[in-house]
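Undergrad: Everything below, folded, please.
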Amino acid sequence: MPVSRELLADPVLDVAPQLLGMVLRRTTPEGTVAVRLTEVEAYDGPNDPGSHAFRGQTPRNAVMFGPPGHLYVYFTYGMHFCMNISAGPDGQPSAILLRAGEIIEGVDLARKRRGMPDSPVAKFNEAAGVLPGRKRIQIPANPDRDLARGPARMCVALGIDREDDGTDLLARDSSIQLLPGPGFEGEPATGPRVGLREAADWNWRFWIPGDPTVSPYRPHVPKRRG
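TA: Below is the predicted model:
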């Protein structure tokens, strides 16, 4: 059963850490893939210069201004999709970016979508572009940790794109659902948000300490003008 909408209607900084350990489950004709959320990032609309909704509503960010529990999907850098869950009261454009997670169902399908091999060493090296006779790369102890380690990778693993924008994650008949999960013990870690030009130093990123699927932190690097 999906989580309650009332839980997601709380202030975004209260909701964000509660998403850790929950499950996002997506079903398509190809099959089902589910991810246990391990890292998220909060955005607080007009109160947050790092938010897409800071300067008001547009066709792109309209989902953020609606009721909580809906998927906000956007295209970035001309190549990636990223997804958020709308939070807070209806009309208050808050959202939580889903940064990373652990695939707990549908690993084979997630691998296929990510273009990763089933498991053998030769296939792994071939997928990484290593030619025969060249030095082989070292395989991570758990290569599946990278399947949804990062917001764009998670969208690919789950098969989510802009067409899924606006999906109600709390509807019982939805193909994408936010479900209670196994959770985790202890307190979430917090730190600065990733890749922002504005308000990057706000500690509104939350993650499960020590989880190998949490994405590496990379601060925004301003582009040099020629």
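
Undergrad: Let me see the contact set for the nearest residue to Leu169 once chain neighbours are set aside.
TA: In space, and not counting its chain neighbours, Leu169 is closest to Leu178: 4.2 Å by C-beta to C-beta, 6 or more residues apart in numbering. Just so you know, the C-beta spots here come from the backbone N, C-alpha and C atoms, and that holds for glycine as well. The contact partners of Leu178, by C-beta atoms under 8 Å, 6 or more residues apart in numbering, come to Pro2, Val3, Leu19, Met22, Val23, Leu24, Gly69, Ile85, Leu169, Leu170.

Undergrad: With respect to pLDDT, which of the residues you listed ranks lowest?
TA: Minimum pLDDT for those is recorded at Pro2 (81).

Undergrad: Show me the two of the contacts of Leu178 that sit farthest apart.
TA: Farthest-apart pair in the contacts of Leu178 is Val23 and Gly69; separation 14.4 Å (C-beta to C-beta).

Undergrad: Give me the more crowded residue out of the two.
TA: Gly69 (23 against 20; other C-beta atoms under 10 Å).

Undergrad: The more buried one is in contact with Arg5, isn't it?
TA: Yes - proximity of Gly69 to Arg5 meets the contact threshold set by C-beta atoms under 8 Å, at 5.0 Å.

Undergrad: Touching both of these two, which residues are there?
TA: Common neighbours of Gly69 and Arg5 (C-beta under 8 Å, 6+ apart) are Leu170.

Undergrad: low-scoring pLDDT stretches of the protein, where are they?
TA: 117-141, 220-226 (pLDDT under 70).

Undergrad: Tell me who's in contact with the residue nearest the centre of it.
TA: Centroid-nearest residue in the chain: Leu98, 2.6 Å away (criterion: C-alpha atoms, centre = their mean). Shown in contact with Leu98 (C-beta under 8 Å, 6+ apart): Leu19, Leu24, Leu37, Glu39, Val40, Cys82, Met83, Asn84, Ile85, Pro151, Met154.

Undergrad: Which members of those residues are the farthest-apart pair?
TA: Farthest pair in those, by C-beta to C-beta: Leu19 and Cys82, 15.1 Å.
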